[in-house]
Structure formats: C-alpha cells, structure tokens
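need a structure here:
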Amino acid sequence: MDILEYKWKALSVTSIGALMAAVDSTVVLLALFPMAADLHSDFVTMIWVIIAYLVVNTALVLSLGRLADMYGRKLLYNVGFAIFTAGSALCGFAPDGLSLVAFRVVQGTGAALITSNSFAILSEAFPRNETGRAFGLQSIVWGLGNVLGVVVGGVIITYTTWRWIFLINVPIGIFATAWAYFTLKAVIPPGQRGSFDLPAAASFTGGLLSLLLGITWGLLYSWTDLTTMAALALSPVIFALFVVWEAKYSKDPILDFEFFRNRVFTFSILAALLQFLAIFSVNVLLIFYLEGIEGLSALQSAYLIIPFALASAAMGPVGGVLTDRFGFRRISALGVIVTAAALLLFSRLTVSSTLLQIGIIETITGVGLAFFWPSNTAAIMASTPPAKYGVGSGAMNTFRNTGAILSFALSLTAATSVIPPGVVYQLFVGNLSGKLPPDLANSYLAGQSFAFEISVVLLVLALVCVALSKMGGSAGVPVEVTSEDTHGQESDRT
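Modelled structure (predicted):
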C-alpha cells in the first residue's frame, strides 16, 4: 500500500516544474546586465532573451497539449523536463547573445511541454471538488520560487557568474525527470488517440508567431517597419485559414470550437487573458520605478518583489479552498477587484512614495492574484472534458502567455514613449547610475501612471467576463465546476 496518495505524488511532480519555471523567470531578469556585459550584447538582444522564451512557449503549448491527450501526459511531461534541462545547459555555455536567444528557444520548448501538461495532470489526479485546493497549493510553489529566484539570483550574480543561473537547473532537471518517470501514471483515455492535425497545428502556431513577432518587432524597431507591418497583416490571414480548416476539413480538430459554446470556458479564458495582460507588466514597471525614482540597484529593486511573492504563496491555498467551497466565480471576482485596487494605488505613485507603501501595495497585489489564479484555473479545467485536458490546459496557457507578452510590450512602450531608449536600456539591464533627472523622472511617472490605469480598465473588463461565465455547456463539453455544483448554483440564482 502506498504511503502517499497518488494525487500528492502528482502534485509534487508538477510543483518541481512550477518551481523551476518561477525561479527561472525571476533570475533571468536579474542577470540581464552581467549577461549583456559578458556577451557584449545590445538592448535588443537582451529583450529577445526574454521574449524568445515567452513566444515559443506560447506558440507551441496548444499543439503540445493535444499531443499529450493522444500519447499520454507522462511521456510528454518527461520529454519537457529533459528538453528544459538540456536547454538550460546550453544557455549556461552560450558563447554570444544570439546563441543565448536560440538556446532560450530550446528552453521555452521544454517549458511549453511542462506547462501544457501540469494542470491536466493535477485535474486527472484530484477529484473535481479538490482541484481549487490543488491549484492553490501549487501557487505556494510559484510564490516561493519567485522569492528563491531573487535570493539565489542575488548570490549567484554577486559571487559567481551569471552562467550558473542556468546551470543550476541541470541537476534539478535530472532529478525531476527521474521523479516524474517513476511517479506519474501513464494514462491515455480509451479511444482518445485519434490523429494529430498537422495543418491546424502549423497554421495556429504560424498565426500566433506572426502576431507576437509583429508586436515585438514593432516595439523594438518601428511600427512602420516593413517586417512589422507584414507580420501583423499576415497573422489574421493565417488564423482565418486555421479556422476554416478546423471547422470544415479537420477530422480530429486540435481545438474543438465546441469548447467556446461553453460560457464558463469562454469567459474564464478571456478573463485569464485580460488579467495577465494587466498584471504581467507590473513588476517590470516597478523595477524601473525603484531604479530610476528611488535610486536602488537592480538586486535591491528585486527584493521589493518579495512581498508580492510571499502574499501570493501564503494566500494561494486559501484562494483554492474558498474556490472549492464557494465556487470559482465569486473568488475570481474577488481576486480581480483586489488586484484592480492595488493597480489603482500603483498609478498614484510619486517621487515621494515610500518603500513601505510600495511593499504594502505589492502585498495587496499578491493577495488578489492568489484568489484569481486557482479559481480561474479550476473553472477552465473543470469545463474541459477529461479526454481533452491537454487541449484545455494548452488553450488556457496560450491565452495567459499571450497576455503576458503583450503586457511586457505595454510596459516597455510606456517607458520608451516618455524617456530616451538609452535610459530605458539602462533601467532594463539594471546599470543606471543614480536616479533619473527630475524632468525625466516626472515624465516616467506620467507614463507609468497611464500604463497602470490601462491595466485597471483591463481588469474591469476581466471582471465583466467573470460575471458572464454563468453555468452552461454544450454537447460533448460537460460542465462540472467543483463546488459550484453544490454551493454556487443555488445562490447564483438569487
């Protein structure tokens, strides 16, 4: 008899993947300046170090989720760990900036395999009335991973070389691959395999890549650049081909449009897109603020992210339990409202704001995310048929990551629109000497406030989506949303 139930073993596996991803996302931002100096790279290359990982992760996650539905999550999850680990090793030995960008693509491919399966694995392992709890517990790992990234990143950058921020993943990744291999169950639902729709996968990935690269190219170079305009014009054409193929010709659609007849799935996934679009830029803008207005170093600025991470870690399980008890809609709405309040406070920052005030607002932001993240994830996964968990998880991560990339673009656009690009580069890599001059400081604060106000509007739209996610379904897409079935439905009628 197993001492530990399978659901907890599955959670331990996905938590290792979440920890690696959370640490990596934080520590890479901290190491931008030493990487740029050592590899003699410019501002654009350093941005691509961040963007390349996010873009490939976003573009591939839906197709890889479908492959996991066909061939089993254990196989694809293990392959993801192996690729992520190999990509980390390659990044650690990168000889120049362009090589580092290429190896980040490898790392992002592994991350896509991991993220497209982790929520599906938990949804299969935990009963429906405990999924909120599971996702809430995993948010502890994300929060602590962000803290660990700051601490470990600071030690590595101060006492060793930036290359260890990647190489440290290698032994952890080897252990994680072995643990996942011996722990996870190889489950493929009967009659599930079908065929892989290669034209659909290629057109969806191509359309999304064209959109994201067009936005990134416009941000880095010019919105009137021929490459930017061509990529943005090509994207809707490719997406149209994807829709026509899936609707008329595909025998096994990679994304069954029946999913979007389900109000819970559709409006929850839109809320996720809007929430990530609003929130992902927050820490980037705050680091700019702390460096340029408060005069802190990049590492000192990163320490101010810790209250956000700790609040998210501490309250995540609470948000998960409340989701199981009261249903996803109330807790998602509460999370969005709390986050919007925090961003409204951020929009009021001035040159005289104190670090204590910033820490308190960061804590409030973390609480809001801790309520929204597990409840939104539970809603999306519970409105996905078990045989299609990989696709549901992949679609969710596609929308979330797209929001994150657009949010990152928003933060840089807000900064470069009011202060010189050269100064933005110094803020971005963390080598600004002293504070911004008063005129630039006031200009930056105006741009930052406007960016946060836009984020508040986006969160209001997310709240509308949450409110519209009433219970409902369609043929082949059952809705079994945790405790909504027993607690939420009756009170929702009143």
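
what's the spacing between the host helix or strand of Phe103 and its chain's center?
Here Phe103 sits within helix 97-125, counting by DSSP states H and E. Remark: helix 97-125 is offset 11 Å from the chain centroid, using C-alpha atoms, centre = their mean, to the nearest Å.

next helix or strand past that helix?
helix 131-159.

State the mean pLDDT of that following helix.
Here helix 131-159 scores 83 as its mean pLDDT.

which of the residues in that helix are buried?
For helix 131-159, burial by neighbour count (16 or more other C-beta atoms under 10 Å) applies to 131-154, 156-157. For the C-beta atoms, the positions are set from N, CA and C on the backbone; glycine is no exception.

Can you name the element that comes right after that helix?
helix 164-167.

wouldn't Leu19 be in contact with Val141 here?
Yes - look at Leu19 against Val141 with C-beta atoms under 8 Å: they come within range, at 5.1 Å.

hang on, the earlier thing: show me what the helix holding Phe103 is packed up against.
Packing partners of helix 97-125 (3 or more C-beta pairs under 8 Å, 6 or more residues apart in numbering; DSSP states H and E): helix 6-30, helix 32-39, helix 43-71, helix 73-92, helix 131-159, helix 355-382, helix 389-416.

Domains in the protein, by residue range?
Using automatic domain parsing, the domain parsing of the chain gives 6-185+254-493, 197-253.

out of those, deepest packed?
Highest mean neighbour count among these (mean count of other C-beta atoms under 10 Å): domain 6-185+254-493, with a mean of 21.

List of residues touching stretch 205-215?
For stretch 205-215, contacts defined as C-beta atoms under 8 Å, 6 or more residues apart in numbering pick out 55, 58-60, 63, 227-232, 234-236, 238-239, 241-242, 398, 402, 405-406, 409.

Repeat the analysis, applying 6 Å as the threshold.
Contact with stretch 205-215 is made by 55, 59, 228, 231-232, 234-235, 238-239, 242, 405, 409, as judged by C-beta atoms under 6 Å, 6 or more residues apart in numbering.

quick one: which two of the residues you listed are the most distant?
The distance between the two most remote of the contacts of stretch 205-215 (C-beta to C-beta) is 23.0 Å, for Phe242 and Ala409.

Can you pull the phi/psi pair for the closest residue to Leu296 other than its chain neighbours?
Computed as C-beta to C-beta, 6 or more residues apart in numbering, the closest residue to Leu296 that is not its neighbour in sequence is Leu290, at 4.7 Å. Leu290 adopts backbone torsions of phi -70, psi -30, taken as degrees, to the nearest 10.

Is it correct that Leu290 is in contact with Ser301?
Yes - between Leu290 and Ser301 there is a contact at 3.8 Å, judged by C-beta atoms under 6 Å.

Any figure for the gap between Ser469 and Gly17?
With distances taken as C-beta to C-beta, to the nearest Å, Ser469 is found 28 Å from Gly17.

same check, this time on Ser268
Using C-beta to C-beta, Ser268 is found at 23 Å from Gly17.

Retrieve the pLDDT associated with the spatially most central residue of the chain.
Geometric centre of the chain, nearest residue: Asn401, 4.9 Å, by C-alpha atoms, centre = their mean. Listed pLDDT for Asn401 reads 83.

How about it, nearest residue that isn't a chain neighbour?
Per C-beta to C-beta, 6+ apart, closest to Asn401 is Thr58, 3.7 Å.

which ones are touching the one you found?
Thr58 sits next to 398, 401-402 when contact means C-beta under 6 Å, 6+ apart.

same question, Lys9
By C-beta under 6 Å, 6+ apart, the contact set of Lys9 is Thr183.

Report pLDDT for it.
89.

Tyr71 too?
79.

Please name the nearest non-neighbouring residue to Ser443.
In space, Ser443 is closest to Val418, 4.3 Å off (C-beta to C-beta, 6+ apart).

Residue ranges in the stretch 1-150 of the chain under the pLDDT threshold?
1-4 (pLDDT under 70).

Now do Gly320 against Asn376, distance only.
For Gly320, the distance to Asn376 - C-beta to C-beta - is 11 Å.

oh, I was asking about Asn397
12 Å.

next one: Gly390
For Gly390 relative to Asn376 (C-beta to C-beta), the value is 18 Å.

try Asp24
23 Å.

likewise Leu349?
From Leu349 across to Asn376, the span is 27 Å (C-beta to C-beta).

repeat for Tyr389
Tyr389 is 16 Å from Asn376, by C-beta to C-beta.

do Asn442 as well
Where Asn376 is concerned, Asn442 sits at a distance of 37 Å (C-beta to C-beta).

what's the answer for Glu294, then?
To Asn376, Glu294 is 33 Å away according to C-beta to C-beta.

just Val61 next, same as before
Counting by C-beta to C-beta, the gap from Val61 to Asn376 is 17 Å.

again with Arg261
19 Å.

Ok, Ala278 next?
From Ala278 to Asn376 the distance is 13 Å (C-beta to C-beta).

repeat for Ala18
On the measure of C-beta to C-beta, Ala18 and Asn376 end up 16 Å apart.

Who are the contact partners of Met20?
Contacts of Met20 by C-beta under 6 Å, 6+ apart: none found.

ok, 7 Å please
Residues near Met20 by C-beta atoms under 7 Å, 6 or more residues apart in numbering: 84, 169, 172-173.

quick one: stretch 223-238 to chain centroid distance?
For stretch 223-238, the distance to the chain centre is 25 Å (C-alpha atoms, centre = their mean).

so which strand or helix has Pro253?
Going by DSSP H and E, Pro253 is not in any helix or strand.

Identify the spatial nearest neighbour of it, chain neighbours not counted.
Closest to Pro253 by C-beta to C-beta, 6+ apart is Glu246, at 4.8 Å.

May I ask you to confirm that that neighbour belongs to a helix?
Yes - according to DSSP: H, G, I helix; E, B strand; the rest coil, Glu246 belongs to a helix.

ok, it to Asn401 distance?
Taken as C-beta to C-beta, the span from Glu246 to Asn401 is 21 Å.

out of all of them, which helix in this protein is the longest?
The longest helix of the chain (DSSP state H) is helix 438-468.

Now do that helix and helix 355-382, the angle between them.
30 degrees (axes from the mean of the first three to the mean of the last three C-alpha atoms, to 10 degrees).
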